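Peer 1: Please find the sequence and the predicted model below.
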Amino acid sequence: MKVNARKRGKYWQYYFEAAKIDGKRKRVIKGGFKTKKEALEAGTRAKAEYDISWQITKLPDISVHDFMCEWFEKKAKIQYKSATLRKYESIINNHINKDLGKFKLKSLTPIQLQDYINYKYLEEDYSKSHIAHLMSCLNLAFTYAILPCGYIKNNPMLYVKIPRKDQEETPKKIVSFQEIETILNYFSLKGLEEIKLVWEVGYYTGLRRSEVIALSWDDIDFKNNYINVTHTQSVGLKSKDILNSPKTVSSKRSILVVDSLIKKLKKWKTKQKENKLYYGEFYINNYVDEKGIINHENGNTYDFVFRKENGRALVSSDIGRSMKMIKKDLNLPIKFHDLRHTHATILIENGAPLKAVQARLGHSKLDTTFNIYLHSTPAMEKEIIDILENIK
């Protein structure tokens, strides 16, 4: 298939054979050249491009804004779970489209995007994890822009890195036994027994917030003292509360718990039954529809462990409010995730095998357990001194 040129009126045009469509011959044709030589040179370049790629015309002038909206609707909504979608939707609306939306997608370069990431991280001081989510969103979208869209030829995000930030690492919070006792007593005085038990379960199991509030009574093995993690709860699009399956194989697990916690769960189950009898027809039932949305009208019945007195299932925002309450009323800026860190630290301090701690926490990689939780504590420092003093 050679490139040919022909004159049409005052100007020349090139043409060459393209792939057949439905058995019919197709040509690539472009005119407007002043001389035959110009037409043939342009045609040769176009054919070379055609031979190595299906992009035979110039890249579309789609804006970053329009493309990100297209990616979210056509790709992200099909591929990702609701909680991830909500995160990406926020990133697109509050960052990408706000900061980069007016630019042509094909005009973005690795240098420009590196400068952008540097600014967001170093100047606007967003957390490293937030920047990682922003970069992930851009990377996934730009990969889609190459194929199947054909809007760009290369992914500029492949060359962008999170810059170093010279600052002291914020020490992770370890919740003391006195602090957890203060918190639990506070919730009792407030009449929030369901919230109190959520925090107790977090402290004694190391479960994530999303795992605790997703527990059903089917997940509690009273006979063998096990809690089975089979679901997680998250906030999806339009602030809908969603029941999901765990993201990784290691997150789906069974953990052994102490007798005292099992007894408290038994007592809570009895109390729940009493509440249901008391409220009668006004007791709220919880359902999960085909999209995983937790509601009170339709879907499959889900017997949540943690409910309010009237039967409504606890959701993530309830735990968020409880953290604000203890910070305001008790001056304890403690996050629910601190219970998980504390649980792991207690186990490691007392000689629990790191591999066992990894399995209990549901980490897919041992490095995660090691890097996040294996740090020096006063108890560990004392143990080191004891060892050194006994060296002969």
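Peer 2: Received, thanks.
Peer 1: What ranges does the stretch 101-250 of the chain have for its strands?
Peer 2: Taking DSSP state E, counting those that start in this stretch, the strands of the stretch 101-250 of the chain run over residues 220-221, 226-229, 232-235, 241-244.
Peer 1: Show me how far the shortest one is from its chain's centre.
Peer 2: Right, the one you point to is strand 220-221. Chain-centre distance of strand 220-221: 28 Å, with C-alpha atoms, centre = their mean, to the nearest Å.
Peer 1: Mean confidence (pLDDT) on it, please.
Peer 2: The predicted model assigns strand 220-221 a mean pLDDT of 96.
Peer 1: neighbouring contacts of that strand?
Peer 2: Here strand 220-221 makes contact (C-beta atoms under 8 Å, 6 or more residues apart in numbering) with Y226, I227, N228, S254, I262, L265, V305. The C-beta positions use only the backbone N, C-alpha and C, and glycine is treated the same way.
Peer 1: can I see the domain layout of this protein?
Peer 2: 4-52, 64-146, 188-345 (the TED database).
Peer 1: okay, the contacts of strand 220-221 in CSV with neighbour count and distance to G320 next?
Peer 2: Converted to CSV, those look like this (neighbours: other C-beta atoms under 10 Å; distance: C-beta to C-beta, whole Å):
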residue, neighbour count, distance to G320
Y226, 15, 28
I227, 24, 22
N228, 15, 25
S254, 14, 28
I262, 18, 27
L265, 20, 23
V305, 24, 19
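Peer 1: which stretches of the stretch 201-350 of the chain have low pLDDT?
Peer 2: Where the stretch 201-350 of the chain drops to pLDDT under 70, the residues are 237.
Peer 1: Where does the prediction get shaky in the stretch 1-150 of the chain?
Peer 2: 1, 19-23, 51-59.
Peer 1: Do a quick rundown of the helices in it.
Peer 2: Listed in chain order, the helices of the stretch 1-150 of the chain (DSSP state H, counting those that start in this stretch) span 36-52, 64-71, 77-79, 82-91, 97-100, 110-118, 128-144.
Peer 1: same question, the stretch 151-300 of the chain
Peer 2: Under DSSP H, counting those that start in this stretch, the stretch 151-300 of the chain gives helices at 177-189, 193-205, 209-212, 259-279.
Peer 1: nearest to K271, of the strands of the stretch 101-250 of the chain?
Peer 2: strand 220-221 (14.4 Å; C-beta to C-beta).
Peer 1: looking at the strands of the stretch 101-250 of the chain, which is closest to K273?
Peer 2: strand 220-221 (14.3 Å).
Peer 1: Can you tell me the strand partners of that closest one and which way each runs?
Peer 2: As defined by DSSP bridges, the strand partners of strand 220-221 come to strand 226-229 (antiparallel).
Peer 1: Need the residues that contact the partner strand.
Peer 2: Residues outside strand 226-229 that contact it (C-beta under 8 Å, 6+ apart) are 201, 205, 207, 211, 215, 219-221, 246, 251-257, 362.
Peer 1: Save the helices of the stretch 1-150 of the chain as JSON lines, and put in mean neighbour count too.
Peer 2: Formatted as JSON lines, these follow (neighbours: other C-beta atoms under 10 Å):
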{"stretch": "helix 36-52", "mean neighbour count": "16"}
{"stretch": "helix 64-71", "mean neighbour count": "20"}
{"stretch": "helix 77-79", "mean neighbour count": "11"}
{"stretch": "helix 82-91", "mean neighbour count": "19"}
{"stretch": "helix 97-100", "mean neighbour count": "15"}
{"stretch": "helix 110-118", "mean neighbour count": "16"}
{"stretch": "helix 128-144", "mean neighbour count": "18"}
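Peer 1: Looking at these, spot the one closest to P156.
Peer 2: Smallest distance to P156 across the helices of the stretch 1-150 of the chain (C-beta to C-beta): 4.5 Å, for helix 110-118.
Peer 1: No further queries at this time; thank you.
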